[in-house]
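S.K.: Got a predicted model here, sequence first, then my questions.
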Amino acid sequence: MGSSFGKILRLAGKALSATFSSLTLPPMTTSDALIDAVSFDEDGLVAAIVQDIATGQVLMMAYMNEATLRQTLRTRRMTYWSRSRQSVWIKGAKSGHTQDVHEVRVDCDGDALLFTVTQHGGACHTGHRSCFYRQVTDEGLQVDGVKVFDPHTVYSASDRH
């Protein structure tokens, strides 16, 4: 992808994100049918894949339990279960890089959820727009993602994994 084409895509994505971020979204109905459709694993968790509504870019993957799924649906702000901290993790609580939920989908087995969101700032704790900023090539891992903030100015050392 040429640099000017990439720049056009980034500008278009920013314009769409600005449009979507100005919308006020009502709480989603916490449907028992949705909760019943989810196959939580033995630890009570389900994978949550997050995709940018404006660009279609996959931003990250994290885990949710029933309580954080219900909280996400109620607030329309992505809320996860941090396996490393064993606690609720509201995306953007420290960084301000929140994710506003537009849609949730359940896969065929019920063991993964797909959320479309408006991403404010970067999704990755490394400062990249997406956690999937490295591509595997014949030469090894190549960084091809956009860094949108400096994690050293946003997080304390203990927050940076």
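M.R.: Structure received.
S.K.: mind listing the helices for the protein?
M.R.: In order along the chain, the chain carries the following helices (DSSP state H): 3-21, 32-37, 66-75, 151-154.
S.K.: what residues are up against the residue nearest in space to the middle of the chain?
M.R.: With the centre of the chain defined as its mean C-alpha position, the nearest residue by CA atoms, centre = their mean is V50, 4.0 Å away. When the contact criterion is CB atoms under 8 Å, 6 or more residues apart in numbering, the partners of V50 are 58-62, 78, 99, 115, 117, 119, 123. No exception for glycine: its C-beta is placed from N, CA and C like everyone else's.
S.K.: If we use 10 Å, what do you get?
M.R.: 57-62, 78, 80, 91, 99, 101, 113-117, 119, 123, 130-131 (CB atoms under 10 Å, 6 or more residues apart in numbering).
S.K.: wait, doesn't F149 sit right on G121?
M.R.: Yes: counting by CB atoms under 10 Å, G121 is a contact partner of F149 at 6.1 Å.
S.K.: any residues in contact with both of these two?
M.R.: Shared between the contact lists of F149 and G121 (criterion: CB under 10 Å, 6+ apart) are residues 95-97, 127, 129.
S.K.: picking that back up, just the buried members of the contacts of V50?
M.R.: Buried positions within the contacts of V50, assessed by neighbour count (16 or more other CB atoms under 10 Å), are 57, 59-60, 62, 78, 80, 91, 99, 101, 113, 115-117, 119, 123, 130-131.
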